[in-house]
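S.K.: show me how the following folds:
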Amino acid sequence: APPKTPSGAMMEMSNMSPESLRERAESLIISNDLLRQELNASKRDSADNEETVANLESAVSDLKSHVDDCNKKVRLATEQHVEAEEERDAALAEARELISRVHQLEEQGHSAGLAVVQELE
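M.R.: So this is what the prediction gives:
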């Protein structure tokens, strides 16, 4: 049925008996109550959805902070690892120099010993 205009609805009601008008009014009241219940349920669902969205946004924010903290720890650990490698490399180079110097001293000592032996002969 096409939507009724207010004047069309008034004309239709003027032709109705009091009993029909009462039934129509009861029907409209019931329909209105049902629509109000649906509206209230929809408002509750909307509020629940808004709360869920707020909770999810908070959880995402917490996770982002946690990821940022983890990334900072990784950067710090990486820097410490690089420093430790540099210190190790420097210590190895120093050890190689010391070993080389010991070998030179051994050779010098051996040469000096041979010179002494030759002089004694």
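S.K.: and the next element down the chain from the lowest-mean-pLDDT helix or strand in the chain?
M.R.: Lowest on mean pLDDT, DSSP states H and E among the helices and strands of the chain sits helix 6-14, with a mean of 76. The helix or strand immediately downstream of helix 6-14 is helix 18-120, counting by DSSP states H and E.
S.K.: for that next one, what is the average pLDDT?
M.R.: When pLDDT is averaged along helix 18-120, the result is 96.
S.K.: check which helices and strands that helix sits against.
M.R.: On a contact count with 3 or more CB pairs under 8 Å, 6 or more residues apart in numbering; DSSP states H and E, helix 18-120 meets no helix or strand. To be clear about C-beta, it is placed using only N, CA and C from the backbone, and glycine gets the same treatment.
S.K.: now it and helix 6-14, what's the angle there?
M.R.: Helix 18-120 runs at 130 degrees relative to helix 6-14, counting by axes from the mean of the first three to the mean of the last three CA atoms, to 10 degrees.
S.K.: what sits against residue 116?
M.R.: Taking CB atoms under 8 Å, 6 or more residues apart in numbering, we find residue 116 in contact with no residue.
S.K.: since that was my last question, I'll sign off now.
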